[in-house]
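# mind looking at a prediction? Sequence and model below.
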Amino acid sequence: MHQKFILASSSKSRYKILKNAGLNFTQKKPNCNEEDIKKTINRKTKPEIFAKKLSYEKAKSVSKLKQYTNKIVLGCDTVIYHNGKILDKVSSVEKAKKKIKSLSGKTHIIVSGLTICINGFKVWEDYEKTHVKIRKLNNKEVNTYLKKTGKQILSSVGCYQIESLGPHIIERIKGDYFNVMGLPLFNLLDYLYSNK
């Protein structure tokens, strides 16, 4: 099997993807301030560059720790790109409602960046894009959805979880299902299989 690696993320969905795929890894929360990093990146930059930069900073922060010397560390970050803008996670259910309504009936792009670092140095990076169309929703449908999901939905950049209640508001996706969950698994497996 593949060499063991460290996932530089506290994300439950990313953990679940890797665990279900039978990969040998441990999980460590990144030792960096994501919001501070975002302030240093131009919001008009391409979403894949934005996502790769954040994934790199996460991987680097864990990879530099002494207990992970010579270990493979994976960083990942996911953003939404819509109407020429990079969208972040929201901090309240009320803001989630506003975001879902803005995406209603439209297609947006999920962009994830992947970076692998060893000893603080980048050895590989990649990204994936998936198009997601949200159904045309009225106020009642949005309110019902948010009532069912609760505050846990705030951990998702798109305010939906495709592996849970997300399909109730998603009309279709074009591309990598795992990318919508938060980690483009096929890209990672390509790397792991070519570097056994």
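That came through fine. Numbers count the residues shown, from 1 in each chain.
# can you name the residues that contact residue 26?
The contact partners of residue 26, by C-beta atoms under 8 Å, 6 or more residues apart in numbering, come to 4, 6, 7. C-beta here means a position set from N, CA and C on the backbone, and glycine is covered the same way.
# go again with 7 Å.
Remark: with contacts taken as C-beta atoms under 7 Å, 6 or more residues apart in numbering, residue 26 is in contact with residue 6.
# what of residue 129?
Counting by C-beta under 7 Å, 6+ apart, residue 129 touches 109, 111, 175.
# compare these and tell me which is most surrounded.
residue 111 (25 neighbours; other C-beta atoms under 10 Å).
# how about residue 24: what's its closest non-neighbour residue?
Nearest residue to residue 24, sequence neighbours excluded (C-beta to C-beta, 6 or more residues apart in numbering): residue 4, at 4.4 Å.
# residue 178 too?
residue 185 (4.0 Å).
# same thing with residue 191?
Closest to residue 191 by C-beta to C-beta, 6+ apart is residue 124, at 5.6 Å.
# okay, buried residues for the worst-scoring helix or strand of the chain on mean pLDDT please.
Across the helices and strands of the chain, the lowest-confidence element by mean pLDDT, DSSP states H and E is helix 34-39, at a mean of 72. Using 16 or more other C-beta atoms under 10 Å as the test for burial, helix 34-39 gives 37, 38.
# can you give me the buried ones in the longest helix that the chain contains?
Counting by DSSP state H, the longest helix found in the chain is helix 47-63. For helix 47-63, burial by neighbour count (16+ other C-beta under 10 Å) applies to 47-48, 50-63.
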